[in-house]
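Peer 1: task: produce atomic coordinates for the following.
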Amino acid sequence: MPSGIALAALVFALFLFYKVGMERTVFVYRATCERLEIFQWQDIPDLVFTFLRVFPFIATGIIAMAFINNPVISIAALAGPALVAVLVGSVGSASSYKAAHKRFRQRDFKWEDIDRAMLDVDKGILALSISSPDNCIHDHEIDFEDPAHHRYLTRIYFDKTQERQVLELFKKKMPDRATMVERSYKFAFAERS
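Peer 2: Model (predicted):
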């Protein structure tokens, strides 16, 4: 029955490949006269959540077939892959799991609150330093040269074919005191080795 366990592992690997390949974050921007609104959500196919509910039953069936053929293999599978399948199923079947992964986020700020902007043309990112009373680090303390400070900037993503229009909009809407510099944006996860 090792082929059944291998089949379950293959199915789970294909599921992970599908989940990671189809998962994406969607950003929508709306610019008005006074403010910029940012909407963000995870676009994950519902098939992923359905599979998370079904996978424990598939694993249980494979373990039952393994038990019929060889009880030693089924006990070993029960201690490893089957236990993982049950845990994945219990997490995936919770209604809060889907809600947390498809959570809708909205953020908005006034154009006049933009202090500085950092443009990374290669990545298609305009990172904004925005004044707010609840900032954990104030604008004058943010160092664009320090990649650790990049996490405090609000990222605006744009397609490189729309770069000119995006930059024109931001230059027109940002206050006169705001400055824009070209730098390479560093993601926090890219800094760890």
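Peer 1: low-confidence regions, this protein specifically.
Peer 2: With pLDDT under 70 as the threshold, the chain has low-confidence stretches at 1-5, 7-8, 19, 73-74, 76-82, 132-141, 188-193.
Peer 1: what strand or helix carries the most centrally placed residue in it?
Peer 2: The geometric centre of the chain, computed from its C-alpha atoms, lies nearest to residue 25 (CA atoms, centre = their mean), at 5.7 Å. When elements are defined using DSSP states H and E, residue 25 is found to belong to strand 24-31.
Peer 1: what lines up beside that strand in the sheet?
Peer 2: strand 35-43 (antiparallel) (DSSP bridges).
Peer 1: can you list contacts of the partner strand?
Peer 2: Identification of contacts with strand 35-43 by CB atoms under 8 Å, 6 or more residues apart in numbering yields 23-31, 101-111, 154, 156, 173. Where you see a C-beta, it was placed from the backbone N, CA and C, and this is true even at glycine.
Peer 1: of those, grab the buried ones for PyMOL.
Peer 2: Those of those that count as buried under 16 or more other CB atoms under 10 Å are selected in PyMOL with:
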select buried, resi 109+111+154+156+173
